[in-house]
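> Let me see the structure of the following:
(one chain, ligands or ions: 1)
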Amino acid sequence: MRFCPYVQRTRLVLICKGIKHEVVNINLKSKPDWFFEKHPLGLVPSLETPDGKIIFDSQIICDYLDEAYPGKKLNPEDPYEKAEQKMLLVHFNTITSSWLAIVCAKNKNEDITELKKSFFEKFKMLEEELTKKNTPYFGGETVSMIDYMMWPWIDRLYLCDVTEYLEKTPRIKAWIKLMLQDPAVKETFIEPQIMSGFMPLYFQGSIDAVDYGLD
Ligand SMILES: N[C@@H](CCC(=O)N[C@@H](CS)C(=O)NCC(=O)O)C(=O)O
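Model (predicted):
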């Protein structure tokens, strides 16, 4: 589904590693029956390998792709560094929940002041993490798995009216600038006006939402 952040994770890894692939989009408001053979819960993304094996859940898919294919290794080799990235992701999941709470509240025209405060309380942790590491990316000097796992929500920050916080988090701001130069990030970028047009239609349950912005 073109707008799904979990799908974007998978596409970032496929593109970064130069893995030849085909994207089959499905309409989440009208799922084809065959899709449940590709993911028992009917969620995207799901990966089908050339020999017909199915792998689902974005993190599992991305780790699989990193291990199964040659090219740049995105997960750290060092077991503790790898564990550190996974722990940061557990922490980051609280930010995505906060992100979603704001987007949902905005869609219902509710006041988001308190939700934004709570978002920033969690978001600050990312700045602290980069300060502690003192590196441009979360995994070190170059892009790695953790950067790609977090990116889709950062890419959509404008949807929850919190971009002003970047003035208080200069390391995150610099990281975003670097990430925006990344070829995989550029290739998966969706114009904000298209993304913003999709969101209300999706919340309304419109069957046409997923095709928003296509000619
Ligand atoms: N933990 C899953 C989450 C995937 C997910 O929630 N995808 C959403 C779209 S963004 C979905 O398929 N929703 C369909 C539904 O809820 O029926 C992953 O990382 O792949």
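> per-domain residue ranges of the chain.
5-68, 79-181 (automatic domain parsing).
> start to end distance for the shortest one?
Translated: domain 5-68. Distance across domain 5-68, first residue to last, is 23 Å (CA to CA, to the nearest Å).
> again with stretch 74-81
12 Å.
> Contacts for stretch 21-34 next, please.
Outside stretch 21-34, the residues within contact range by CB atoms under 8 Å, 6 or more residues apart in numbering are 1-2, 4, 11, 14, 35, 42, 44, 205-207, 209-211. Glycine gets a C-beta too; all of them are placed from N, C-alpha and C.
> Please indicate which of these are buried?
With neighbours counted using 16 or more other CB atoms under 10 Å, the contacts of stretch 21-34 contain these buried positions: 1, 2, 4, 11, 14, 35, 44, 209, 210.
> Strands along the chain, start to end?
Ranges of strands in the chain, per DSSP state E, are 46-48, 54-56.
> Please name whichever of those strands is nearest to the ligand.
strand 54-56 (6.7 Å; CB to the nearest ligand atom).
> any idea how far the top helix by length along the chain is from the chain center?
Secondary structure of the chain per DSSP state H: the longest helix is helix 79-107. Distance, stretch centre to chain centre, for helix 79-107: 10 Å (CA atoms, centre = their mean, to the nearest Å).
> What are the buried residues along it?
Neighbour-count burial for helix 79-107, counted by 16+ other CB under 10 Å, picks out 82, 84-85, 88-89, 92, 95-96, 98-99, 101-103, 105-106.
> before we move on, the earlier item: out of the strands of the chain, deepest packed?
For the strands of the chain, the stretch with the most neighbours on average is strand 46-48, a mean of 19; neighbours defined as mean count of other CB atoms under 10 Å.
> do that one and the ligand meet?
No: Strand 46-48 lies apart from the ligand when judged by CB under 6 Å from any ligand atom; the minimum separation is 8.2 Å.
> How far away from the center of its chain is stretch 109-122?
Stretch 109-122 sits 20 Å away from the centroid of its parent chain (CA atoms, centre = their mean).
> So for that stretch, mean pLDDT?
Per-residue confidence for stretch 109-122 averages out to 96 on the pLDDT scale.
> neighbouring contacts of it?
Among residues not part of stretch 109-122, those counted as contacts by CB under 8 Å, 6+ apart are 94-95, 98-99, 101-102, 105-106, 160-162, 165, 168.
> If we use 10 Å, what do you get?
Stretch 109-122 is touched from outside by 91-99, 101-106, 123, 157, 160-162, 164-165, 168-169, with contacts defined as CB atoms under 10 Å, 6 or more residues apart in numbering.
> mind listing what's buried in that stretch?
Judged by neighbour count using 16+ other CB under 10 Å, the buried positions of stretch 109-122 are 112, 115, 116, 119, 120, 122.
> For the protein, what lies in contact range of the ligand?
Where proximity means CB under 6 Å from any ligand atom, the interface of the chain facing the ligand comprises 1, 4, 6, 28, 42, 43, 44, 45, 57, 58, 59.
> any chance of the residues you listed in TSV, plus pLDDT?
Output for the residues of the chain next to the ligand, formatted as TSV (pLDDT from 0 to 100):
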residue	pLDDT
1	97
4	98
6	98
28	96
42	97
43	98
44	98
45	98
57	98
58	98
59	98
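> from those, which ones fall inside helices?
Those of the residues of the chain next to the ligand mapping onto helices are 6, 58, 59, per DSSP H.
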